[in-house]
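Undergrad: got a structure for you, letters missing:
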Ligand SMILES: [Fe+2]
Ligand SMILES: [Fe+2]
């Protein structure tokens, strides 16, 4: 006799894995033929929209410097995706092992997910090369994808899937709510995130199947430790964002036209860190689909622990 499960039966799960496969066939795109189309980035436009960069809050920046800061933030934004896709793909390949035999639709969905993330890493490597060619030297993206992936993959699968779903959901919100409708952006920058969004919408569907599967395997004690792992991962992401925000502000100051006083430099540092936290932590952590799934798995005491851990990162202004 089958044990009772709060999650769907194998047959209905099969259909849910089929949906992202069908969608992916319909939207399949090519880096050169569809995204780049022989174009370069337009440096007379912004890269990251204000809804993500929060640059309009730094009212003392001249127009040219505000655009430069949007381009630096956009460059880092693209590099962060190239970074996280390394551990996401490794985790997806690891999970695919559980589907080698049996549900071949689930296996196909995960293999497709992995192929997408390999393509995205190539896309973001090329984006970095193209942006580097159009900006003065001195920019450094500090985190190393393999080192970060080694650290992340040492944590429980539950916590890695929590972090992954949160990333794949915020990618969609960022495109739909901020990037899509902003006419001030470089058209190529916009298109990079249009095509990326199409795939990420499918990945989130798969995360929403794999995360509960991982959850069902845990004892309450293991889940409690997994919650701590998730809090630790978010803290580690925040550490990387702090380092990169400081580096990006230093680079901005080395190439900006304006000269800024001590108070403005302090505001600049705080503003860029607030934007990076908003982009990569807060906007995903408050996504309704993420919260619904997370709160469906953990106890009120664990919800409280996560909320308290995120509070200093969210800050009063986010
Ligand atoms: Fe991706
Ligand atoms: Fe993805």
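TA: It's in. Just so it is clear, the model here is predicted, and its values are computed rather than measured. Ligands and ions are numbered 1, 2, ... in the order given.
Undergrad: C-alpha from now on. contacts and neighbour counts both.
TA: Will do.
Undergrad: Once you drop chain neighbours, what's closest to residue 224?
TA: Closest residue to residue 224 apart from its sequence neighbours, by Cα to Cα, 6 or more residues apart in numbering: residue 302 at 7.4 Å.
Undergrad: Which secondary structure element is home to that neighbour?
TA: helix 300-314 (DSSP states H and E).
Undergrad: what's that helix in contact with?
TA: 224, 227, 231, 238, 277-278, 281-282, 295 (Cα atoms under 8 Å, 6 or more residues apart in numbering).
Undergrad: Let me see the mean pLDDT of that helix.
TA: Averaged over helix 300-314, pLDDT sits at 94.
Undergrad: just stretch 171-188 next, same as before
TA: For stretch 171-188, mean pLDDT rounds to 97.
Undergrad: Begin at 20 from now on, thanks
TA: Done: numbering now begins at 20, and the last item shifts to stretch 190-207.
Undergrad: Give the burial count for the closest residue to residue 55 other than its chain neighbours, as a bare number.
TA: Distance criterion Cα to Cα, 6+ apart; nearest residue to residue 55, sequence neighbours excluded, is residue 207 at 6.8 Å. Applying other Cα atoms under 10 Å, we find 18 residues neighbouring residue 207.
Undergrad: Mind telling me what element residue 207 is part of?
TA: helix 206-235.
Undergrad: now residue 282
TA: Using DSSP H and E, residue 282 maps to helix 281-296.
Undergrad: which secondary structure elements does that helix contact?
TA: Judged by 3 or more Cα pairs under 8 Å, 6 or more residues apart in numbering; DSSP states H and E, helix 281-296 is in contact with helix 69-72, helix 239-274.
Undergrad: In terms of secondary structure, what does the longest one contact?
TA: By that I understand helix 239-274. Using 3+ Cα pairs under 8 Å, 6+ apart, the elements in contact with helix 239-274 are helix 82-115, helix 176-192, helix 281-296, helix 319-333.
Undergrad: Then the shortest one?
TA: With contacts defined as 3+ Cα pairs under 8 Å, 6+ apart, helix 69-72 has these neighbours: helix 82-115, helix 281-296.
Undergrad: ok, back up a step: what separation do you get for the residue nearest to residue 243 and residue 59?
TA: Distance of residue 321 to residue 59, computed by Cα to Cα, to the nearest Å: 47 Å.
Undergrad: The residue nearest to residue 55 touches residue 54, doesn't it?
TA: Yes: with contact defined as Cα atoms under 8 Å, residue 207 reaches residue 54; the gap is 7.4 Å.
Undergrad: Run the chain-centre distance for stretch 226-236.
TA: 19 Å (Cα atoms, centre = their mean, to the nearest Å).
Undergrad: Repeat that for stretch 273-289.
TA: Counting by Cα atoms, centre = their mean, stretch 273-289 comes out at 27 Å from the chain centroid.
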